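> The following block contains a protein sequence and its predicted model.
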Amino acid sequence: MIYLNGQFMPIEEACIPVLDRGFIFGDGVYEVIPAYSRKPFRLPKHLDRLQHSLDGIRLKNPFSNDDWKNLLEQVIARNEGEDQYLYLHITRGVAKRDHAFPANVPPTIFIMSNPLLPPPAALLASGASAITAIDNRWIRCDVKAISLLPNVLLRQMAVDVDAIETILIRDGFLTEGAASNIFVVKDKVLLAPPKSHLMLPGITYDVVLELVAAHQIAHEIREISETEIRTADEILLTSSTKEIMPITCLDGKPVGHGKPGELFTQLHALYQQYKATHMRGHFSDQAGL
Ligand code: PDD
């Protein structure tokens, strides 16, 4: 069951007009929100980021945060599965094709739920492969825009060589993955690229930084050079759907010893603990608490 413009319906019955600006221009923004044990995870943070994305494309937020919470809970309730991920999508609505914004057009609002499956244990044990590519996206990557063509092409480059992600490099520095954030470990220090308009401010990225701060794990938030990526002891990938994953092979060469490292193992365990706290209902917006 999905939500579309005020109504709940089976996804097969959901239709949008061909003149929707999401279809014509990719003119919209989205969020991906995990729900564990049927409870949205870090919802206030996702809604803050949604507001930032809407501000970035000058589209008014159609709902209050309470309305969003209510709506998302209704979508969860109408779908099966303890763990789901919610896909929320807002476009600038339906109008005659013209690049300029239409006047007085209601936005199109769509929410769907899909089963949320953690990465397979075997992949976490072996680690995954990634490739690198030049980051050729626009310079508002902090906006979670539905126009994802560069991300689609970049991610497909990885899939074409049986890798799970493409790690992006802009002007010699790490930005993020095509659909994830990326961390590097060198000499037991976790390195995180600083948030900027060149990367999506990941909700999972924030959880990782809160966990390292709370557990006195050495870390630095700073620019990471291409050489540092290529000589890393560990590379970690994070996203709401993949949680934390070890990258053990980069461009066909082993990362460090070519096996998931100590920091991955520690952070993965801490992340699972934090999730369990959330699921028991002792929800905190601070992962360290
Ligand atoms: N993608 N960077 C990009 C470009 C992303 O698309 C994503 C997530 C992230 C990680 O953000 P978060 O931890 O908040 O999920 C970083 C989602 C999962 C997607 O598009 O399906």
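Good, I have the coordinates.

> Regarding the spatially most distant residue from the centre of the chain, what is its secondary structure?
In the chain, residue 96 marks the outermost C-alpha relative to the chain mean, sitting 32.0 Å out by CA atoms, centre = their mean. Three-state assignment for residue 96 (DSSP: H, G, I helix; E, B strand; the rest coil): coil.

> repeat for residue 174
strand.

> surely it meets residue 183?
No. Contact criterion CB atoms under 8 Å: residue 174 and residue 183 do not qualify, at 9.2 Å. Glycine gets a C-beta too; all of them are placed from N, C-alpha and C.

> Next up, the contacts around the residue most central in space within the chain.
Ranked by distance to the mean C-alpha position of the chain (CA atoms, centre = their mean), the top residue is residue 239 at 4.5 Å. Residue 239 is in contact with 32, 177, 179-181, 202, 204, counting by CB atoms under 8 Å, 6 or more residues apart in numbering.

> Now rank those by neighbours and give me the top one.
Most neighbours among the contacts of residue 239, by other CB atoms under 10 Å: residue 177, with 27 neighbours.

> correct me, but it touches residue 235?
No. Look at residue 177 against residue 235 with CB under 8 Å: they stay out of range, at 9.9 Å.

> Could you tell me which residues touch both of the two?
Taking CB under 8 Å, 6+ apart as the contact rule, the neighbours common to residue 177 and residue 235 are 130, 167.

> buried residues in stretch 196-206?
Counting neighbours by 16 or more other CB atoms under 10 Å, one finds that the buried residues in stretch 196-206 are 198-206.

> next one: stretch 82-96
Applying a neighbour-count criterion of 16+ other CB under 10 Å, the buried positions in stretch 82-96 are 83-95.

> Next, format the residues you listed as JSON lines and append pLDDT, distance to the ligand and secondary structure.
As requested, those are exported to JSON lines (pLDDT from 0 to 100; distance: CB to the nearest ligand atom, whole Å; DSSP: H, G, I helix; E, B strand; the rest coil):
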{"residue": "83", "pLDDT": "97", "distance to the ligand": "14", "secondary structure": "coil"}
{"residue": "84", "pLDDT": "98", "distance to the ligand": "13", "secondary structure": "strand"}
{"residue": "85", "pLDDT": "97", "distance to the ligand": "8", "secondary structure": "strand"}
{"residue": "86", "pLDDT": "98", "distance to the ligand": "11", "secondary structure": "strand"}
{"residue": "87", "pLDDT": "98", "distance to the ligand": "8", "secondary structure": "strand"}
{"residue": "88", "pLDDT": "98", "distance to the ligand": "11", "secondary structure": "strand"}
{"residue": "89", "pLDDT": "98", "distance to the ligand": "11", "secondary structure": "strand"}
{"residue": "90", "pLDDT": "98", "distance to the ligand": "15", "secondary structure": "strand"}
{"residue": "91", "pLDDT": "99", "distance to the ligand": "16", "secondary structure": "strand"}
{"residue": "92", "pLDDT": "98", "distance to the ligand": "20", "secondary structure": "coil"}
{"residue": "93", "pLDDT": "98", "distance to the ligand": "22", "secondary structure": "coil"}
{"residue": "94", "pLDDT": "98", "distance to the ligand": "24", "secondary structure": "strand"}
{"residue": "95", "pLDDT": "98", "distance to the ligand": "26", "secondary structure": "coil"}
